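Enquirer: Predicted model follows, preceded by the sequence.
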Amino acid sequence: MATRVGIEVSIAIADAVKLANPDVIAAYPITPQTHIVEHLAELVANGELDAEYVPVESEHSAMSACLGSAAAGARTFTATASQGLALMNEVVYVAAPMRLPIVMAIANRALSAPLSIWCDHSDMMSVRDTGWIQIIAENGQQCVDNIICAFRIGEDQRVLLPVMVHLDGFNLTHVIEPIEFPEQSEVDKFLPPCKFPLPLNPDNPVAMGDFAPPVIFTEAKWAQEMNIRASKKVVLEIWDKYNKAFGRQYYAVEKHHSDGAKVVLMTMGAVGETASVAIDELVAEGQDVGQIRLRLWRPFPLEELREAVKDAEVLIVLDRAISYGGPCGPVASEVKAAFYDQAKRPKVVSFVGGLGGRDITVAGFKDMVKKGTEIARTGSKNEYEIYGVRE
Amino acid sequence: MAKSESEYTWKDLEIGTIISDPGSARQYESGTWRSQRPTYDFKKCIKCGLCALYCPEGCIGENEEGYFEADLFYCKGCGICARECWTKVITMVLEEE
């Protein structure tokens, strides 16, 4: 019988990691992620979790230790945010082509400068092309569920890839929510032991991340690309299995009043819940609007996105990051690319907002839907709209 | 290695491009990078082995007479051995052929 408790989301994530019974945690504290690894350190120190906790000297070392432990076949977890993710960047790139199924929680926070500890998605965008599977949670329950799923997805023999679970800094990490925890025995049933096929082992030596001359590099990179593209099917399959075991279903693109809606708002992360209140109110007023939430950023769910908005005339995309000097918000760029060669496609309107912890309220989302709908009709002199900036 | 590298398709690669055949780097002929080759005047050689200690490739070993000599399959022609040799045994010459 699952238990439902009121708990800070960071602590809940640590407890979910404990349920997954990891062998190694190597981490460095950074706001707003600190409570996650702090609580894990506490669980290990108290003898409640039998894992190796490596308190490293930097995030670069954290990810390096994680590579080593995953390469030895150990179930491995770390967490970071923003500048910490930026510092570990070169090592983050190494995990996916080496096929090491590390799970990392990212408490999304703006990148400096100016210094900000609050949420946006600039750190998430900075690791878009590292080859990790990237799952985005919207509330505490989704964090707990997706941490457990992330281990199973990453360690699946058809996948063997590192997985990031993104959650918005402060807006999720530091709030107390009612969360249902599955029983340890149920998680044990859902999550088989980690079995890396070619682990580091002195009796059967292997070399990993080795030198690849031009004659083999393209083949190595194409194998990596084919692998992450093929992983989408497995992600969806494991989410289905999670639903069968625990009764909560996840989709790559989650729909809210969006079937048949003419105007659809697309969000990522915790603001999706605020946006859904705005959409509910607009629907109650009789407007033909809906919402989709992106749950899977990599691999990008092209087919699911196209299907979800097949009836829409306008798709308003909210990004919480700027691609400086680029065509529009980074998610909106990909959404536009997804529809460019489609015969029937919605008009995509790109908004950037919620930077560095700036709130977008229910009224704000209603305003965004109104403005976006107008822009779709009349056009705009801007490549994209920045929401809420003082001019 | 059963196949040469140029015969491998992306599907043939081991997961994560892991090398499960240890020591395979021995088959890599880094000597093809060389633009200069060491030549030896062994009459001057005192068999101290300093060249072998300095060689960044670790490709210098003793020959049958006990003189130190680079394995040209691996030698990249950096010339550090010639620079470090006390008794000026080694002269670097251009690979012109």
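Expert: Sure, I can see it.
Enquirer: For B:Thr91, grab phi and psi.
Expert: The phi/psi pair for B:Thr91 (degrees, to the nearest 10) reads phi -120, psi 130.
Enquirer: Tell me, how many residues neighbour it?
Expert: 14 (other Cβ atoms under 10 Å in any protein chain shown). (Glycine included, C-beta is placed from N, CA and C.)
Enquirer: And the one 5 residues further on, by the same measure?
Expert: Other residues lying near B:Glu96 total 7 when counted by other Cβ under 10 Å.
Enquirer: for chain A, which spans come out with low pLDDT?
Expert: The model of chain A has pLDDT under 70 over residues A:1.
Enquirer: my read: A:Ala20 touches A:Ile153, true?
Expert: No - using Cβ atoms under 8 Å, A:Ala20 is not in contact with A:Ile153, being 11.8 Å away.
Enquirer: neighbour-wise, which of the two wins?
Expert: In this view A:Ala20 and A:Ile153 are compared by other Cβ under 10 Å, and A:Ile153 has more residues nearby, 26 against 21.
Enquirer: what about the more buried one, which SS state?
Expert: What DSSP: H, G, I helix; E, B strand; the rest coil gives for A:Ile153 is helix.
Enquirer: surely it meets A:Val159?
Expert: Yes - between A:Ile153 and A:Val159 there is a contact under Cβ under 8 Å: 5.9 Å.
Enquirer: Find the residues that touch each one of the two.
Expert: With contacts taken as Cβ atoms under 8 Å, 6 or more residues apart in numbering or on different chains, A:Ile153 and A:Val159 have A:133, A:231, A:234-235 as neighbours in common.
Enquirer: so of those, which ones are in strands?
Expert: Per DSSP state E, strands hold the following members of these: A:Ile133.
Enquirer: Flag every residue of the stretch 51-200 of chain A that's near chain B.
Expert: For the stretch 51-200 of chain A, the contact set with chain B under Cβ under 8 Å from any Cβ of the partner chain comprises A:97-100, A:160, A:197-198.
Enquirer: Include distance to B:Asp71 and neighbour count when you put the residues you listed into CSV, please.
Expert: Below are those laid out as CSV (distance: Cβ to Cβ, whole Å; neighbours: other Cβ atoms under 10 Å in any protein chain shown):
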residue, distance to B:Asp71, neighbour count
A:Pro97, 32, 21
A:Met98, 31, 23
A:Arg99, 34, 26
A:Leu100, 35, 25
A:Leu160, 38, 23
A:Pro197, 35, 13
A:Leu198, 31, 18
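Enquirer: Next, give me the two most distant ones among the residues you listed.
Expert: Using Cβ to Cβ, those reach their maximum pairwise distance at A:Pro97 and A:Pro197, which is 15.4 Å.
Enquirer: show me where pLDDT drops low in chain B?
Expert: For chain B, counting by pLDDT under 70, the residues that fall below are B:1-2, B:97.
Enquirer: Quick one: name the residues of it near chain A.
Expert: Near chain A, when you scan chain B using Cβ under 8 Å from any Cβ, you find B:5-6, B:8-20, B:22, B:24-25, B:28.
Enquirer: change it to 7 Å
Expert: B:5-6, B:8-10, B:13-20, B:22 (Cβ under 7 Å from any Cβ of the partner chain).
Enquirer: List buried residues within those.
Expert: Neighbour counting by 16 or more other Cβ atoms under 10 Å in any protein chain shown classes B:8, B:10, B:13-14, B:16-19 among the residues of chain B next to chain A as buried.
Enquirer: Three-state assignment for the residue of chain B found nearest chain A, please.
Expert: Closest contact between chain B and chain A, by Cβ to the nearest Cβ, is at B:Gly16 (3.6 Å). Per three-state DSSP, the local secondary structure of B:Gly16 is helix.
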